[in-house]
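Visitor: coords please:
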Amino acid sequence: MLYNLLKFVHVLSIIVWIGGMVYTLFFLRPSLTPLAPAQRVQLMHDVLGRFFKAVLYVSTLALFSGLWMIGRVAKQTVQAGGSFAWPTSWLVMTVLGVVMILIFGHIRFALFKRLQRAVTASDWPAGGAALEQIRTWVGINLAIGVVIIAAVFLLR
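Guide: You can find the predicted model right below:
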């Protein structure tokens, strides 16, 4: 039961993270182009601030639930007298998931700080530049997330 609950939390966390990136990149951001730079940068700052708080939580949940599930399966396998070997899909998921978390750390704690400083100073060109860097790295993280999902379903 606990394993299933953690798997649910793990998958739900990934849905929130990946879904938020898709929504932001493909729906929200393009819809804001008619707005003046000050409004666009301020709105994106506010939305990303909320989203990044959520990602901080869900990425942590995904990491720890995933590691716990792997540890649980490894422990059960060894206790049953077997030898645990990581399935390829789990290895890809774990390594690339950690890469995604590191990239998110850069987005949240470096690039978003630049955006915050620009908004505080009403420096809209600097805010736009920070948003462009955030967009690039979120796009990279989204691509990695899609690779992970493909690995889970195609490397079984």
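Visitor: Give the closest residue to V119 in space, chain neighbours not counted.
Guide: H45 (4.8 Å; CB to CB, 6 or more residues apart in numbering). Placement of C-beta: from N, CA and C, glycine included.
Visitor: Can you name the next helix or strand after the stretch of helix or strand that neighbour belongs to?
Guide: Applying DSSP states H and E as the criterion places H45 in helix 37-79. For helix 37-79, the following helix or strand on the C-terminal side (DSSP H and E) is helix 88-106.
Visitor: and L61, what is it in contact with?
Guide: If you count contacts by CB atoms under 8 Å, 6 or more residues apart in numbering, L61 has them with V9, H10, S13.
Visitor: For those residues, give me CSV that also has secondary structure, neighbour count and distance to G66.
Guide: Putting these into CSV (DSSP: H, G, I helix; E, B strand; the rest coil; neighbours: other CB atoms under 10 Å; distance: CB to CB, whole Å) gives the following:
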residue, secondary structure, neighbour count, distance to G66
V9, helix, 18, 10
H10, helix, 22, 6
S13, helix, 22, 9
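Visitor: Tell me how far A85 lies from V98.
Guide: Distance check for A85 against V98: by CB to CB, to the nearest Å, it reads 20 Å.
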